[in-house]
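Trainee: okay, here's the prediction I keep looking at, along with the sequence it came from:
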Amino acid sequence: MVDLGAVLISQQPAFCPHFRWGYKERLFRASGRRMRLLHVLAFVLLIGIAVCKNESKNKLVVVTVASNATDGYLRFLRSANLYGYSVEVLGMGQPWLGGDVKRYAGGGYKINLLKKYMENHKDDSKTIYLFTDSYDVIFTASAKTLVKKYLEMKARVVFTAERFCWPDSSLSNSYPPVMGSSKYLNSGGFIGTGQSIYEMLTVRDIADTDDDQLYYTQLYLDPDMRNDLGIKLDYENQIFQALFGSEADVKIRAREDEVKEFYLFNAEHNTEPCVLHGNGLAKDTLNSMANYLAGSRTKTDCLICSENNFKIADLPTPPTLQLGIFIERPTPFLPEFFARILAQDYPKEHIHLFIHNREAYHKQHVADFLEHTSSYASITVKGHDSAISEAEARSLGISECLSHACDYYLSVDSEATLTQPMAITLLMELNRTLLAPMMVRPGKMWSNFWGALSDEGFYSRSEDYGEILDNSKRGIWNVPYVSTIYMIRSDVLKSGQVPSFEVQGIADLDVVWAKSLRDKGTFMYVSNVHHYGHLVNPDSYDTSLIRPEYYQLADNRLEWEYRYIHEDFETMKDPDTVIQQPCPDVYWFPLVTPAFCNDTIAIMEHFGQWSNGANNDKRLPGGYENVPTRDIHMKQVGLERQWMLFLKDYIRLIQEKVFTGYFHNPPVSLMNFVVRYRPDEQPALRPHHDASTYTINIALNNPHVDYEGGGCRFVRQNCSITNTRAGWTLMHPGRLTHFHEGLPVTSGTRYIMISFVDP
């Protein structure tokens, strides 16, 4: 015998929103009523199945208006395809006739396009039509979910509800009272059957430049018309979420499942809207949210990063690149910047160069770079004497790209250091319209992009800014501002979606340009999928100094180390590396580069105020030096603070390794100076103890090349070191055990750098 109850239960359509089992647990408790209840149950279930079958037959068509295939439009289509929506696009490729809706009321053109389209569906009471904007809209849930919510609302037409009464705020008091904060009609999204929508569109005529939202608002505010047309507003954001004004209530959450996909959540009503509309001033907030929604990423992975990519190796010929280099302010370490441009692993015969140098100080740096550029396809240089402004130069760089029929334009400011040799290739292959490689000032919360905007249109920190900067979140991010370095596809340049550079008031040129891009609907992306390089900090760079880069340890450590720290020093820090001891407890290791040595000597000789080697010394607190030398103190040339940092971050690491058990962080040194030995000046130094716990002695030039003789003899150990090397340092105890002397220089000039550490 077949158990009818079990059969009926097994046939329940689990997806059906119109059927609920409220009493199945008590179904069989009263045996006397069992068959009667089963008959009732069968009747109800058949109705439920019929409703669900009707729901499953409801076809959904999305209709939108778009004149151009902007980034926002393509994002809209992507989300529609992801969630299974069929989209009809009206007005594509045709002039927009709806007025300047970014500045004024307008948009009646959308109604007229939709009305014409719906004439063919005016009697269709079965198909559901969802009309929505596209440039600032994404879908966040499936078509099936959306239809279910629409049918549950039991309305002919459902409109988006928003927090602001637009375009006529005087109508706000005419709205019926409701619970909740979003109570005003928004025309950016509505849904209904074809018959219902056509009836609503044909109440009266509207001019193309009249306001579409006002048209629908007036229908809704007429009680009779509202009832006749069956219009409801989605007060609880079941289907539609208008973002402007509701940003604080709209959250991005991750599902607690294996996929961990992000979804949209309205905290005010505890709902999950299906359509997100960045209406009004919420465009940038929408762009930020869209970085997570519509399958863009999960909690652990960037899914959109691998979409629309290509491999240059698969192309018959590499794309042509216009590379624009802009030196708009004095910039430290420019030779290294140019060296890394030359090191880019991309065929130079496919690169056209454009250089604008506004700084006379960098004229020789540019000339040195140009000596290595013969392989490039073409070179255009505008020097500091060309009398063109930065805005004109940047616009000219884009014009050069168009004139060379390039495929990509890469703009690089002198502050952007490309340490990734494959950067050009990697950026191209990500295939975005305008893409900036993320670059950061090392150790700082300063980058070439903004995560959000303030109300005034300037920098504001987004919630994920820090996580993007430290690479705990990797991906491709839609942001409201990029600068310093970015790549643009040429099709975007040709379409007019990239504005020219213009000076407007006191705002920085890049801020004005980014705003113009936002106004045109051109998305700016930043990528930290790979590490591309970093930013140098030019703020403290003083070109009046004889060797200005030498002073940049605090502000540009990476570049400073690249130029000045010996390539083998990192190995010296390794616990397994044995430090040489040419004499007992005298340690000898590579520390700095020839560039460091040469610049140190140049700075001191340019300063020129060498002491006279007498005991009386006004530079010292007591005015007396027991064992005087011909020297210049680091304090005299503005380097005392930097030298303390040098001792802390480089010397201390080796000291703690070789003198086990002694810790003093930071080290203290009152005597830091460069000594000059000459046969006709001061050739040697008598035996002495140093006023230090330990001493460092850095050789700044080489014996048998720059001088003869010289060296250091440790008397008690009867051990001499004469074959020193430029850039290598001696480290030895200062007091008690290591009585030592400076051996005579017989010809030439010997320079050493001395620090008495922890006196």
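Mentor: That came in fine, so what should we check first? The shown structure was predicted, so the numbers you read here are calculated from the model rather than taken from an experiment. Residues are numbered from 1 along each chain as shown.
Trainee: so which residues of the stretch 151-300 of the chain form helices?
Mentor: All helices of the stretch 151-300 of the chain, identified by DSSP state H, counting those that start in this stretch, fall at 194-201, 212-221, 223-229, 283-290.
Trainee: touching the helix or strand that comes right after the last one from outside, list them.
Mentor: Along the chain past helix 283-290, the next helix or strand (assigned with DSSP states H and E) turns out to be strand 321-327. With contact meaning Cβ atoms under 8 Å, 6 or more residues apart in numbering, strand 321-327 is reached by 334, 341, 346, 350-359, 362, 366, 390, 393-394, 397-398, 400-401, 404, 406-414, 424, 428. Yep, even glycine has a C-beta here, placed from its N, CA and C like the rest.
Trainee: can you give me the neighbour number for Lys494?
Mentor: One way to gauge burial is a neighbour count; for Lys494, by other Cβ atoms under 10 Å, it gives 12.
Trainee: repeat for Ala602
Mentor: 13.
Trainee: check Asp257 too.
Mentor: Residue crowding around Asp257 was assessed by other Cβ under 10 Å; the count is 8.
Trainee: one more: the one 5 residues further on?
Mentor: Applying other Cβ under 10 Å, we find 22 other residues in the vicinity of Phe262.
Trainee: grab the nearest non-local neighbour of it.
Mentor: The shortest distance from Phe262 to any residue other than its chain neighbours is 4.2 Å, reached at Tyr292 (Cβ to Cβ, 6 or more residues apart in numbering).
Trainee: tell me if I'm right that the one you found and Glu261 touch.
Mentor: No: under the criterion of Cβ atoms under 8 Å, Tyr292 is not in contact with Glu261, lying 9.2 Å apart.
Trainee: gap between stretch 742-753 and the chain center?
Mentor: Shown here is stretch 742-753, whose average C-alpha point lies 52 Å from the average C-alpha point of the whole chain (Cα atoms, centre = their mean, to the nearest Å).
Trainee: would you check how far apart Pro442 and Ala267 are?
Mentor: From Pro442 across to Ala267, the span is 38 Å (Cβ to Cβ, to the nearest Å).
Trainee: for Leu113, same thing?
Mentor: Taking Cβ to Cβ as the measure, Leu113 and Ala267 are separated by 36 Å.
Trainee: the more surrounded of the two?
Mentor: Ranked by neighbour count (other Cβ under 10 Å), Leu113 and Ala267 place Leu113 first, with 19 against 12.
Trainee: and the helices in the stretch 601-750 of the chain, which stretches?
Mentor: For the stretch 601-750 of the chain, the helices identified by DSSP H, counting those that start in this stretch occupy 640-646, 652-658, in order along the chain.
Trainee: for Tyr198, find the nearest of the ones you listed.
Mentor: Of all these, the one in closest proximity to Tyr198, counting by Cβ to Cβ, is helix 640-646 (74.6 Å).
Trainee: separation between Cys302 and Asn471?
Mentor: Taking Cβ to Cβ as the measure, Cys302 and Asn471 are separated by 12 Å.
Trainee: and Asp407, by the same measure?
Mentor: With Cβ to Cβ as the criterion, Asp407 and Asn471 are 29 Å apart.
Trainee: between the two, which one's more packed in?
Mentor: Just comparing Asp407 and Asn471: by other Cβ under 10 Å the higher neighbour count belongs to Asp407, 17 against 12.
Trainee: looking at Tyr292 and Glu261, which is more packed in?
Mentor: A count of neighbours by other Cβ under 10 Å puts Tyr292 above the other of Tyr292 and Glu261, at 23 against 18.
Trainee: from Ser125, how far off is that one?
Mentor: Taking Cβ to Cβ as the measure, Tyr292 and Ser125 are separated by 38 Å.
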